[in-house]
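Chemist: I need the structure of the sequence given here:
(2 chains)
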Amino acid sequence: MSTSRQSPGTAGTAIHTNPGLLAASWLVVGVPLVYGIYQTLLKASKLFTG
Amino acid sequence: MSILDRERTVAGPGFNRWLIPPAALAVHLSIGQVYAFSVFKTSLVKHFDRGLTPIAVIFSIAIVMLGLSAAFGGTWMERNGPRKAMVVSALCFSAGLLIGGLGIATTQLWLLYLGYGVIGGIGLGIGYISPVSTLIKWFPDRPGLATGLAIMGFGGGALIASPVSTQLMGHFDAAYDPTAKGATASGSAVASTFFVLGLAYLVLMLFGAAMVRVPPEAPHGAGAAAKAATAGWGGAQVSAASAIRTPQFFMLWVVLFCNVTAGIGILEQAAPMIQDFFRSGSTSAVTAAAAGGFVGLLSIANMTGRFVWSSTSDVVGRRRIYMIYLGVGAVLYVLLATVGGSSTALFVILAAGILTFYGGGFATAPAYLKDLFGTYQVGAIHGRLLTAWSAAGVAGPLIVNRILEANGTPGSLTASAYRPALFVMVGLLVIGFVANLMIRPVHERHFVSTADAAVPATPQPTTGRV
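Modeler: You can find the predicted model right below:
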C-alpha cells in the first residue's frame, strides 16, 4: 500500500493521515474477515479428511 | 447542512485514499450476511412449523429487493453521496434483522418477510452500490482492485456470519448442538441471534459511513487532466438514463446474467452434486461432512476470485478478462461434465476454478461500467446492472432444479443426471462470451456535456502518490 493517493491541500499544505487510524480501520474489517476465512478453511479441511 | 450530505464528506487535505476500502468493506462484510441465511433455515422451519419453501421465500424476497433498490436507488445515491446511502443502508439492514427477530419471537412469519426480506433487502441494495462509485473515483488508476476489495467483502460476509450465527445460537440455547444432524435451535435463541446481529452490524456499517469520503472536485484549470483520469473509453461520461439505452449496457447485462447463472448452477447444488458424482449404488465415496467442506472451499474460491481477477483486469483489460471468465469457464464446465467424475481432486479443482470466475464476474462489472460510461453516474448504472443478478438468481436454480428433478432427487442421482444441466451452463457461457465480444466503446452522442459532467456528482481526484 505504498502508492496511496491523497487529496490535495487546498491551501497547498498536506496534512498526512494518521497511520494509526489507517491501521485501526483495516484491523476493524480485517480481523473478522480473517476469522471467517479461518473458520471456513477448518470446515473445508473436512473435504480432505472425510 | 447535515453531516450526512455529500458536501460534508469531501476529503480534506492529505486524506489517504486507503481509508476508503475499509469503509467499503465494513458495509459489504455486513450485508454479505444474507448469504449465510441458510444457517437459520432448519431452526425456522421447526419454530414456525412450516415447510421449507415459506422459509426459503424470506431469502428470495431479500435478493429481489436488493436488485430493485439498487436499480431504483442508484440515482438517489449518486445525488446524496455515499455517507447518506451507507447510513440508510445500515438503518434498513439493522432494522430488518431486529424486526425479523421480533417476528421470530412472536411467531409472526409475515414480520420476517417484511423485516428481513423487504426492509433488510432495501438495505442490501443501497449498501451494495453505495461505496462502489466512490471507490472508482478514488482509484481511477486501479478501479478493478478497488471494487474487487469491496465486493470481495460481500463474499466474505457470509464466511463471518455463518460461524458467528451458529455460535450465538449455541450460546442462547445450550441444548443446540450444530454438529448433530438435523439439530435446531429454539425460536428464542434464533430471535436473540437476530437482535445481536442487528445491533453489531449497525455499529460496523455506521463505522464505514463515518470513514467514507468523496474526493475533492478538481480545481479550475485542471479539469481536462482530471477528466481524462476518470472518463471511460474515448472520453465517455454517460448519464444513467442514457447508459441503459445503449447496446453496450444490454450486452454487459447479458454477460453478467450468463456468468452469474452459470455460477449459481454449481452453488445451488454443490453438496449433493459432489456426492452424486462419486456415487456407487446407494452410497457415495464423498461423505456429508466432506461435501460440506466442498461448499466451504467454493465460498473461499468465490471470494478469492472477486479480488484476484478483478485486480488482474486492471492489467489485462476488462474485455479480455471477461473472455477468460466466460471462455475458460465454459471449457471448465465441459471438463467437469465429461471427466469431472474421474477423480475427486479434479472435480474440486474444476468447480473451484468456475467459482473464481463467478466471483470475478461480479467484482469486475463496476470497473467495466467505468470503462464504458465513465464515472459520472457509474453507481446508478451499476445499480441498474444488478437486475441481471436478480434475474440470474431466479433463472439459475430454476434451470438446474428442473433438469435434475426430471431425473430424480439431488442427493440420490449419478453424474450422468447432471450433464444436461452442465451443458446448458456451457451454452449460457458461450452466449455471454459472444455478447462480450460485441461490446464496443459507447458512441459520443451518448456523452453528457462537459458542464454537466463537472457537477458535484463527479468530484475529480487529483494526481499525486505517497
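Chemist: just the helices in the stretch 301-450 of chain B please.
Modeler: With DSSP state H, counting those that start in this stretch as the definition, the stretch 301-450 of chain B shows helices at residue ranges B:318-323, B:329-339, B:344-373, B:378-385, B:387-405, B:415-437, B:450-453.
Chemist: Highest mean neighbour count out of these?
Modeler: helix B:378-385 (a mean of 29; mean count of other C-beta atoms under 10 Å in any protein chain shown). Placement of C-beta: from N, CA and C, glycine included.
Chemist: Mind giving me the packing neighbours of that helix?
Modeler: helix B:52-80, helix B:120-129, helix B:132-138, helix B:240-243, helix B:247-267, helix B:344-373 (3 or more C-beta pairs under 8 Å, 6 or more residues apart in numbering or on different chains; DSSP states H and E).
Chemist: mind checking how far that helix is from the chain centre?
Modeler: Mean-position distance between helix B:378-385 and its chain equals 13 Å (C-alpha atoms, centre = their mean, to the nearest Å).
Chemist: now that helix and helix B:52-80, what's the angle there?
Modeler: On the basis of axes from the mean of the first three to the mean of the last three C-alpha atoms, to 10 degrees, helix B:378-385 is oriented at 150 degrees to helix B:52-80.
Chemist: Helix B:378-385 - what's its average pLDDT?
Modeler: Average pLDDT, helix B:378-385: 92.
Chemist: Outside of it itself, list whatever touches it.
Modeler: With contacts defined as C-beta atoms under 8 Å, 6 or more residues apart in numbering or on different chains, helix B:378-385 is touched by B:70-75, B:77-78, B:125, B:129-130, B:132-134, B:136, B:238, B:240, B:243-244, B:249, B:252-253, B:256, B:365-366, B:369-370, B:373.
Chemist: Now list the buried members of those.
Modeler: For those, a burial check counting by 16 or more other C-beta atoms under 10 Å in any protein chain shown picks out B:70-71, B:73-75, B:77-78, B:125, B:129-130, B:132-134, B:136, B:238, B:240, B:243-244, B:249, B:252-253, B:256, B:365-366, B:369-370, B:373.
Chemist: follow-up on the earlier one: between the helices of the stretch 301-450 of chain B, which one is closest to B:Gly117.
Modeler: Taking C-beta to C-beta, helix B:387-405 is the member of those nearest to B:Gly117, at 13.6 Å.
Chemist: B:Phe423: what's it in contact with?
Modeler: B:333-334, B:337 are the contacts of B:Phe423 under C-beta under 8 Å, 6+ apart.
Chemist: in chain B, which residue is closest to the centre?
Modeler: Centroid check for chain B by C-alpha atoms, centre = their mean gives B:Phe154 as the closest residue, at 5.7 Å.
Chemist: Out of the helices of the stretch 301-450 of chain B, which gets nearest to B:Leu112?
Modeler: Across these, closest to B:Leu112 is helix B:387-405 (C-beta to C-beta), at 19.1 Å.
Chemist: what's the angle from the closest one to helix B:415-437?
Modeler: Relative orientation of helix B:387-405 versus helix B:415-437 (the same axes, to 10 degrees): 160 degrees.
Chemist: how much does helix B:387-405 deviate in direction from helix B:344-373?
Modeler: 150 degrees.
Chemist: okay, helix B:387-405 in PDB with CA atoms only?
Modeler: Provided in PDB are the C-alpha atoms of helix B:387-405 (Å, rounded to 0.1, in the frame of the first residue of the first chain):
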ATOM      1  CA  THR B 387     -31.100  -6.500 -12.100                       C
ATOM      2  CA  ALA B 388     -29.100  -9.100 -14.100                       C
ATOM      3  CA  TRP B 389     -28.100 -10.700 -10.700                       C
ATOM      4  CA  SER B 390     -31.700 -10.800  -9.600                       C
ATOM      5  CA  ALA B 391     -32.800 -12.400 -12.900                       C
ATOM      6  CA  ALA B 392     -30.000 -14.900 -12.700                       C
ATOM      7  CA  GLY B 393     -30.900 -15.700  -9.100                       C
ATOM      8  CA  VAL B 394     -34.300 -16.900 -10.400                       C
ATOM      9  CA  ALA B 395     -33.200 -18.400 -13.700                       C
ATOM     10  CA  GLY B 396     -30.100 -20.400 -12.300                       C
ATOM     11  CA  PRO B 397     -31.900 -22.500  -9.700                       C
ATOM     12  CA  LEU B 398     -34.900 -22.900 -12.000                       C
ATOM     13  CA  ILE B 399     -32.900 -24.300 -14.800                       C
ATOM     14  CA  VAL B 400     -30.800 -26.700 -12.700                       C
ATOM     15  CA  ASN B 401     -33.700 -27.900 -10.500                       C
ATOM     16  CA  ARG B 402     -36.000 -28.500 -13.400                       C
ATOM     17  CA  ILE B 403     -33.400 -30.700 -15.200                       C
ATOM     18  CA  LEU B 404     -32.400 -32.600 -12.100                       C
ATOM     19  CA  GLU B 405     -35.900 -33.200 -10.900                       C
END
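Chemist: That concludes my questions; thank you for your assistance.
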